[in-house]
Structures are given as structure tokens and as C-alpha cells.
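K.L.:
coordinates only, sequence not included:
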């Protein structure tokens, strides 16, 4: 948990970046910023700038906080990955992703028997979350289904060593 001083420093830095971004956007960026400010209203433009800066700050904070952690995270999935189990799988992967390290997340699928197109959705969502994902122990049938659904572009596969 952060102290009050750290929270205040973060809030001050966030406010300074927001003001600087808004000022640069209004004065030096494309003329559409000025058009939006005139047509829609300056408060709306400022609100949008604050929201965009907040989202960027959250992404940076998550990336740096993930880099600080060092323990490996392994998720073991079993059974069928289909429409019935997609929600449960998604919850498992979300909680593992919160604990994941900068070095990534390993998904152990050695006990997975079948995978449907719907069952790959939580895996794809996890792989798109800017953390390296490795799939361990995929059988040829499971690997083929993951490959057919485009997951091969988002994850790496390993069968050579036991998961950490």
C-alpha cells in the first residue's frame, strides 16, 4: 500500500502531465483540437484529455508494477475448454494475470482434452494483455485448434521442460 506522500506525489505528477498534455494539444497539435474546443466546448476537450492521460498512466503503472515482481505464474487448465467453461477459464486467467510477472504467464494445458472456438476466447484475451504468454503441453489436437483460432501469433509454445 502506498503512503499518503506517494499518493500525493503521484496525483501532482498526474495533474501536471494532464495540464501539459492539454496545453500542447490545444496550442500546438492539429487544428481539430481547436475546432473541437470551439464546437463542443473546452470542458469536454479537457475531460477527454484527462481520461486519455489517466488510461495511459494506468497502463504505465501496471507495466512498471509488473516489472517489479519476480515470481513466475503458472495456470493449470484441465478438462474441456468450451462455451460452458469459458467464464471460469476467463476468471482463472484474469486472477493469474494480476499476479503475472514481466517475464510472463505460463498456461499448462497438459490436462485439457478438447478446445472449442468459444473456449479459446479467454486465452486470446489474456494473450492480448501485454504480458508474454507461453502455452505448455498442448496436444496436437489442442495446438491445432489454438492455431486455427489465431492464437499462434499471440503466444509461444513449449513442451520441452516442465512449467516453472
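P.N.:
Now that the structure is in, tell me what you want to look at. All values derive from a computational prediction rather than experimental measurement.

K.L.:
ok, residue 80 touching residue 113?
P.N.:
Yes: applying C-beta atoms under 8 Å, one finds residue 80 in contact with residue 113, separated by 5.8 Å. C-betas here are computed from N, CA, C, even on glycine.

K.L.:
Which of the helices or strands spans the closest residue to residue 150 other than its chain neighbours?
P.N.:
Leaving aside its sequence neighbours, residue 150 sits nearest to residue 124 (C-beta to C-beta, 6 or more residues apart in numbering; 7.3 Å). For residue 124, the host element (DSSP states H and E) is helix 121-127.

K.L.:
hey, which helix or strand in this protein has the poorest pLDDT?
P.N.:
Least confident helix or strand of the chain, by mean pLDDT, DSSP states H and E, is helix 31-39 with a mean of 56.

K.L.:
so how far is residue 139 from the residue nearest to residue 150?
P.N.:
Residue 124 sits 19 Å away from residue 139, going by C-beta to C-beta, to the nearest Å.

K.L.:
Do a quick rundown of the helices in this structure.
P.N.:
Counting by DSSP state H, the chain has helices at residues 4-27, 31-39, 42-68, 86-99, 121-127, 140-148.

K.L.:
Among these, which one carries the weakest average confidence?
P.N.:
Among these, helix 31-39 carries the lowest mean pLDDT, at a mean of 56.

K.L.:
ok, back up a step: so the residue nearest to residue 150 is in contact with residue 152, correct?
P.N.:
No: look at residue 124 against residue 152 with C-beta under 8 Å: they stay out of range, at 11.0 Å.

K.L.:
Just give me the longest strand of the chain.
P.N.:
Of all the segments of type strand in the chain, defined by DSSP state E, the longest one is strand 105-115.

K.L.:
Neighbouring strands of that strand in the sheet, and parallel or not?
P.N.:
If you go by DSSP bridges, strand 105-115 pairs up with strand 73-81 (parallel), strand 133-136 (parallel).
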